[in-house]
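In: Sharing a model prediction with you, sequence too.
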Protein chains: 2
Amino acid sequence: MPDEEGHPLPAEMDLRTVLHALADPLRLGVIAGFLREPDGTERTCASFQLPVSKSTTSHHFKVMREAGLLRMVDHGNSRTAVLRRTELDARFPGLLGLVRAEPAQD
Amino acid sequence: MPDEEGHPLPAEMDLRTVLHALADPLRLGVIAGFLREPDGTERTCASFQLPVSKSTTSHHFKVMREAGLLRMVDHGNSRTAVLRRTELDARFPGLLGLVRAEPAQD
DNA sequence: ACGTAGGTTCTACTTGCATCGTACCTCTTG
DNA sequence: CAAGAGGTACGATGCAAGTAGAACCTACGT
């Protein structure tokens, strides 16, 4: 079962849920953004400057978090998100490579 | 541009469109069904016996066809669908492997 | 010629999801 | 302690997408 913050274990990750999370343009752009940076890079939700409201941004990060794509790290003041790269590569080998191979989102 | 039956060329296939097509349980089940059979296997839409109406089944196959997952082959009486395995492996390497690795759909 | 099987298209309904505004929470800093 | 930054939770709304029924089309078989 997911932990107290909604992070599933790799074995609990569901392919359909992950595909659905990636099918949204904004969310795919966020994952692609992480893939252009070094592994372990932490970014705040706000740093992506998505063209939607703050609550909608939070919603999208919740979807990605609950799918297992991101892990939220509490830093006291600001929470940051980290791509769960190693776990995703083990659970869904090749998936992140597909996202990385795509041109930058429109 | 797609041909007269709506089949995109591999270069025209869009990752978001493909992910969206695979995010539906029924459609993912169809693709998984093809992957359990030899390459080039042709099946009619009806052979999957999806738990939805005939028109809804046709709709789902249209979504998969337009995403580039399937190719429809006209056999006079009955049209059959074929998984575009080689083209998909070239355009989205690893994608079909992810679907194949998942347990049978519920 | 007719009936049947397999698909498609059209229209309509209904569910799901993205979106937003507001309120609320937590931590930091003045 | 107050104010602000960064996120979350809740309720409401609007559009996209899944669903179904009916009509139609083509090819095959009798």
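Out: That came through, no problem.
In: what number of residues lie near the residue nearest to residue A:67 when sequence neighbours are not counted?
Out: In space, and not counting its chain neighbours, residue A:67 is closest to residue A:21: 3.9 Å by Cβ to Cβ, 6 or more residues apart in numbering or on different chains. C-beta coordinates here come from the backbone N, C-alpha and C atoms, glycine included. Residues near residue A:21, counting by other Cβ atoms under 10 Å in any protein chain shown, number 24.
In: three-state assignment of residue A:21?
Out: helix (DSSP: H, G, I helix; E, B strand; the rest coil).
In: dump the residue contacts of the closest residue to chain B within chain A.
Out: Nearest to chain B in chain A, going by Cβ to the nearest Cβ, is residue A:94, at a distance of 2.3 Å. Residue A:94 makes contacts with B:93, B:94, B:95, B:97, B:98, as judged by Cβ atoms under 8 Å, 6 or more residues apart in numbering or on different chains.
In: From DNA strand C, how far out is it?
Out: 23 Å (Cβ to the nearest atom of the strand, to the nearest Å).
In: got the residues of chain A near DNA strand D?
Out: A:44-47, A:54-55, A:57-59, A:61-62, A:72, A:77-80 (Cβ under 7 Å from any atom of the strand).
In: Farthest-apart pair in those residues, please.
Out: The span of those, defined through Cβ to Cβ, is set by A:59 and A:77 at 21.7 Å.
In: helices or strands up against whatever helix or strand residue A:87 lives in?
Out: Residue A:87 is part of helix A:85-91 when elements are defined by DSSP states H and E. Judged by 3 or more Cβ pairs under 8 Å, 6 or more residues apart in numbering or on different chains; DSSP states H and E, helix A:85-91 is in contact with helix A:95-101.
In: can you list contacts of the helix it packs on?
Out: By Cβ under 8 Å, 6+ apart, helix A:95-101 touches A:18, A:22, A:28, A:31-32, A:35, A:83, A:85, A:88-89, B:15, B:92-95, B:98.
In: what's the answer for stretch A:37-45, then?
Out: Counting by Cβ under 8 Å, 6+ apart, A:33-34, A:57-58, A:61, A:73, A:78-83, A:85-86 sit against stretch A:37-45.
In: make it 10 Å
Out: A:30, A:33-35, A:54, A:57-58, A:60-62, A:70-73, A:75, A:78-83, A:85-86, A:89 (Cβ atoms under 10 Å, 6 or more residues apart in numbering or on different chains).
In: can you pull the contacts of residue A:86?
Out: So residue A:86 contacts A:10, A:39, A:40 (Cβ under 10 Å, 6+ apart).
In: Now do the same for the last one: its pLDDT.
Out: As predicted, residue A:40 sits at a pLDDT of 95.
In: The residue of chain A found nearest DNA strand D: neighbour count?
Out: Residue nearest to DNA strand D within chain A (Cβ to the nearest atom of the strand): residue A:44, separated by 2.7 Å. For residue A:44, the count of nearby residues is 12 (other Cβ under 10 Å).
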